[in-house]
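J.: Need a 3D model of the following:
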Amino acid sequence: MIAAHVVNSREDHLSKNIVQRRGDYRVRRKRWLSCARRATSERVRFWRFVLALLMSVGIGIGGLAAAPNSPQDITGKWTYRSFHNNKNLVTDNDQTALGLFFAEATFTFDVAADNTLRGTIDWSGGGLDLHGSVQPAASGAPLTVQIVGMGRAGTATQDWEYDYFGYLAHTWPQGVGQVPALVGSVIRAKPHNGAPAGYVASFIAVQQ
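T.: Numbers count the residues shown, from 1 in each chain. Down below sits the predicted model:
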């Protein structure tokens, strides 16, 4: 009887120790997880702060962030090139490659505080006067431009009209020396010199 009592007492004591150790382990684990979560949260906040600081001074990973931040930032000159939408490959034929050019010119933009755009597109021997609007980037959509180009009275482009719609090209965070570019399409809105209305070409305009 005494031996059985001793055994039971030891078993009870051992059981209590096991329960206590399990409880201590749960407490220590809970504290460790809490500390780990706090440390992770602090690291996330720190790197978010660093990223925001870099973006505020215009620095992206791998180089300078060159993208315009507002419609007014596209004010200035852009080198414009448009291309025929020819699906055939150029291969090594230089003349075929040159034949893809539709036009080469210079955009000059002036964007007002209300995001309206005025300007010109000029090339050797002619040009158009521009008016339109700029929509700022929002909700994942890039900055967009919508422009009407009208011919100049008393010049070779009188009665011409070309309409342009373009987007600011994506800025790569790891890009090095990337130059802002507008990409889009242009349509001949009115016929002129025997060329029919409705012809569409693609364009790229690179900020100077």
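J.: Kindly state the beta-bridge partners for the closest residue in space to residue 135 that isn't next to it in sequence.
T.: In this structure, residue 135 finds its nearest non-sequential neighbour in residue 144, 4.6 Å apart by Cβ to Cβ, 6 or more residues apart in numbering. No exception for glycine: its C-beta is placed from N, CA and C like everyone else's. When assigned by DSSP bridges, residue 144 has beta-bridge partners residue 135, residue 167.
J.: Tell me how far residue 144 lies from residue 206.
T.: Per Cβ to Cβ, to the nearest Å, residue 144 is found 17 Å from residue 206.
J.: what do you get for residue 118?
T.: From residue 118 to residue 206 the distance is 21 Å (Cβ to Cβ).
J.: try residue 153
T.: For residue 153 relative to residue 206 (Cβ to Cβ), the value is 30 Å.
J.: out of these two, which sits in the more crowded spot?
T.: residue 206 (16 against 9; other Cβ atoms under 10 Å).
J.: For the more buried one, list each beta-bridge partner.
T.: Beta bridges link residue 206 to residue 79, residue 181, judged by DSSP bridges.
J.: Residue 128: neighbouring residues, count only.
T.: For residue 128, the neighbour count with other Cβ under 10 Å is 22.
J.: so what's it closest to, chain neighbours aside?
T.: Residue 128 sits nearest to residue 149 (Cβ to Cβ, 6+ apart), 3.6 Å away.
J.: Tell me who's in contact with residue 115.
T.: Residues in contact with residue 115 (Cβ atoms under 8 Å, 6 or more residues apart in numbering) are 71, 133-136.
J.: Widest-spaced pair of the residues you listed?
T.: With distances taken as Cβ to Cβ, the most widely separated pair in these is 133 and 136, at 10.6 Å.
J.: Give the residue spans of this structure that score low on pLDDT.
T.: Per-residue confidence for the chain (pLDDT under 70) gives these ranges: 1-25, 27, 29-30, 32-67.
J.: all helices in it, in order from the N-terminus.
T.: Using DSSP state H, the helices found in the chain span residues 2-56, 94-98.
J.: Next, count neighbours for the closest residue to residue 116 other than its chain neighbours.
T.: Spatial nearest neighbour of residue 116, chain neighbours left out: residue 133 (5.6 Å); criterion: Cβ to Cβ, 6+ apart. Residues near residue 133, counting by other Cβ under 10 Å, number 16.
J.: cool, and residue 107?
T.: Neighbourhood size, residue 107 [other Cβ under 10 Å]: 27.
J.: about what we covered before: quick check: bridge partners of the residue nearest to residue 128?
T.: Beta-bridge partners, per DSSP bridges, of residue 149: residue 130, residue 162.
J.: With residue 195 instead?
T.: residue 192.
J.: Let me know whether it touches residue 188 as I believe.
T.: Yes. Assessed by Cβ atoms under 8 Å, residue 195 is found in contact with residue 188 at 6.4 Å.
J.: out of the two, which sits in the more crowded spot?
T.: Taking other Cβ under 10 Å, residue 195 and residue 188 do not tie; residue 188 has more neighbours (18 against 11).
J.: Give me the distance between the more buried one and residue 105.
T.: Separation of residue 188 from residue 105 (Cβ to Cβ): 15 Å.
J.: try residue 183
T.: 16 Å.
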